[in-house]
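**Q** sequence and predicted structure below; questions after.
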Amino acid sequence: MPTAVAVTGSDLVLPSPDRHTPGAVPLGAATGAPLAASLAELQALLEQHGWLIVLHSSAADPEAIRRVRTARAALEADRVTLVGLDLPPLGLALVALQLRQLSVCDFTPGVLASAARLLAHYVHAGAVLGSLARLDRVPVPLGSHARSWLPGTQYAVQAHPEPRLVKAVPGAELPGPDFATRLYLAHGERPSTWLGETLARTWQVQSVTEVPLPKDSAAWWGTGKLTEFAAGIPDISVLYQLVSSVRRERCRWCGLEFLGDRCGFCGAPLTPPALRAPVASREPRRELGREGAREAGHETPRDPGRDLPAARRAAAALPHAGPRPDTGLPGPPGELGPVAPSGTTRATAAPGTDPPDRPGSPHPPYR
């Protein structure tokens, strides 16, 4: 069975474009279900699918995310991961749909979980708003804020991938994708015709699909007088090629493959280059012995870490000041670093680094 993709509400489940795409699971633990029912639901999903990816917005209710983590910790389920994305509700639902499409392909669960951040780079999400008074997700100029109080005024706001704001009038444009997309529209209290007449024409939209407005959209945008939109890649073959073109890494903690700088399940960061196994030289190095060095009139200084075990020699060469840099989200395909060598199924964490939190460990609750 394909890896299950779960969301925090049934309003985030977009219709499947074909009969091969499985549906998303509205997770009961995130919707206020009792703990016993949440544990039973989570256990049944793991028995049926083996792996579970829970997508949620970074602005989701913290209590709902806490309930999901509690259920995961109670089951000690390391095959469940929570992936938070900084997207509007309809954009998050679109990424969930794309993951559902890719779940029937030959990607491993670790690659699929870490691909969510990659797919989010190619989603264009925004809304046409009737008021900017309570919008705090996108910078709003003072003049636009004042003019939005005029009756009948509407503004087109793009929140991702780049914040933009224009007045929704004929001829106004938002920077769009340079690839073919499918546009999803969700109408609120004040529907907008500007999206279909102007935006769809300038964004190379192949088709337009209207869906119900997610319940969190009004809170996310600060008003219920809106029409939310999200555009993304519709073709599964293009999505497959996009994910396949990115270099894969091997997690040194849980052994899963992943994309980018961090494992999608256990959260372990990419192995630093200084801790990776050294590559053997093609030509054997000729070294003088200690006696031969004395006879030649010079002696090679002795490496203080020469007698240390191999694992500690690499750690001894690292500077001990300053935290490890966090590289953030993965860039477009082809910009990731070299592949870390494959290790054992569960390798020992590097000296001087904290292992990722695991169920049943003495560390604080993980992610």
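**A** Cool, got the structure.
**Q** now the residue nearest to the spatial centre of the chain: how far from residue 123?
**A** Nearest to the geometric centre of the chain sits residue 117, at 2.6 Å (C-alpha atoms, centre = their mean). To residue 123, residue 117 is 11 Å away according to C-beta to C-beta, to the nearest Å. To be clear about C-beta, it is placed using only N, CA and C from the backbone, and glycine gets the same treatment.
**Q** ok so, going back, what's the helix or strand for the residue nearest to the centre of the chain?
**A** helix 109-120 (DSSP states H and E).
**Q** who does the helix or strand following that helix touch, helix- and strand-wise?
**A** Going down the chain from helix 109-120, the next helix or strand is strand 124-129, by DSSP H and E. With contacts defined as 3 or more C-beta pairs under 8 Å, 6 or more residues apart in numbering; DSSP states H and E, strand 124-129 has these neighbours: helix 89-102, strand 155-160, helix 217-221, strand 226-232.
**Q** got the buried residues for the shortest one?
**A** By neighbour count with 16 or more other C-beta atoms under 10 Å, helix 217-221 contains the buried residues 217-218, 220-221.
**Q** contacts only, for residue 241.
**A** For residue 241, no residue meets the contact criterion (C-beta atoms under 8 Å, 6 or more residues apart in numbering).
**Q** just the pLDDT for it.
**A** Residue 241 carries a pLDDT score of 95 in this model.
**Q** how close does it sit to residue 194?
**A** With distances taken as C-beta to C-beta, residue 241 is found 33 Å from residue 194.
**Q** same question, residue 46
**A** Here the criterion is C-beta to C-beta. By it, residue 46 lies 45 Å from residue 194.
**Q** distance check, the residue lying closest to residue 135 once chain neighbours are set aside against residue 235.
**A** Spatial nearest neighbour of residue 135, excluding adjacent residues (C-beta to C-beta, 6 or more residues apart in numbering): residue 222 at 4.5 Å. Counting by C-beta to C-beta, the gap between residue 222 and residue 235 amounts to 34 Å.
**Q** who has more neighbours, the two?
**A** residue 222 (19 against 15; other C-beta atoms under 10 Å).
**Q** wait, isn't the more buried one in contact with residue 130?
**A** No - with contact defined as C-beta atoms under 8 Å, residue 222 does not reach residue 130; the gap is 10.7 Å.
**Q** pLDDT below threshold where in the stretch 51-200 of the chain?
**A** Along the stretch 51-200 of the chain, the parts satisfying pLDDT under 70 run over 141-152.
**Q** cool, and the stretch 251-367 of the chain?
**A** Applying pLDDT under 70 to the stretch 251-367 of the chain flags residues 273-367.
**Q** what number of residues lie near the residue lying closest to residue 202 once chain neighbours are set aside?
**A** Once flanking residues are discounted, residue 202 sits nearest to residue 173: 5.5 Å by C-beta to C-beta, 6+ apart. Per other C-beta under 10 Å, the neighbour tally for residue 173 reads 13.
**Q** got phi/psi on residue 173?
**A** Per-residue torsions, residue 173: phi -130, psi 150 (degrees, to the nearest 10).
**Q** ok, it - contacts?
**A** Residue 173 touches 166, 198, 202, counting by C-beta under 8 Å, 6+ apart.
**Q** leaving out the residues flanking it, which one is nearest to the second one?
**A** To tie it back to what came earlier, the one meant is residue 198. The nearest residue in space to residue 198 (C-beta to C-beta, 6+ apart) is residue 170, at 6.3 Å.
**Q** in contact with the one you found, which residues?
**A** Contact analysis of residue 170 by C-beta under 8 Å, 6+ apart lists 194, 197-198.
**Q** about what we covered before: which outside residues touch the helix holding residue 117?
**A** 3, 50-51, 53, 55, 79, 81, 83, 85-87, 91, 95, 98-99, 102-103, 107, 160, 232, 239, 242-243, 246, 248, 251, 254, 256-260, 262-265, 329-330.
**Q** one more time with 6 Å
**A** The contact list for helix 109-120 (C-beta atoms under 6 Å, 6 or more residues apart in numbering) reads 3, 51, 53, 81, 83, 85, 95, 98, 243, 256-260, 264-265, 329-330.
**Q** for stretch 211-228, same thing?
**A** 11-12, 88-90, 127-131, 134-135, 184, 186-192.
**Q** hmm, 8 Å instead?
**A** By C-beta under 8 Å, 6+ apart, the residues outside stretch 211-228 that reach it are 9, 11-12, 14-15, 57, 59-60, 88-90, 93, 125-137, 157, 184-192, 195.
**Q** just the buried residues of those residues.
**A** 9, 11-12, 14, 57, 59-60, 88-90, 93, 125-132, 135, 137, 157, 184-188, 190, 192, 195.
**Q** out of the helices and strands packed on strand 124-129, nearest to residue 25?
**A** Residue 25 lies closest to helix 89-102 among the helices and strands packed on strand 124-129, at 9.9 Å (C-beta to C-beta).
**Q** quick one: list the elements packing against the helix or strand where residue 6 lies.
**A** Element membership for residue 6 (DSSP H and E) is strand 4-7. Judged by 3+ C-beta pairs under 8 Å, 6+ apart, strand 4-7 is in contact with strand 25-26, helix 35-49, strand 52-57, helix 89-102.
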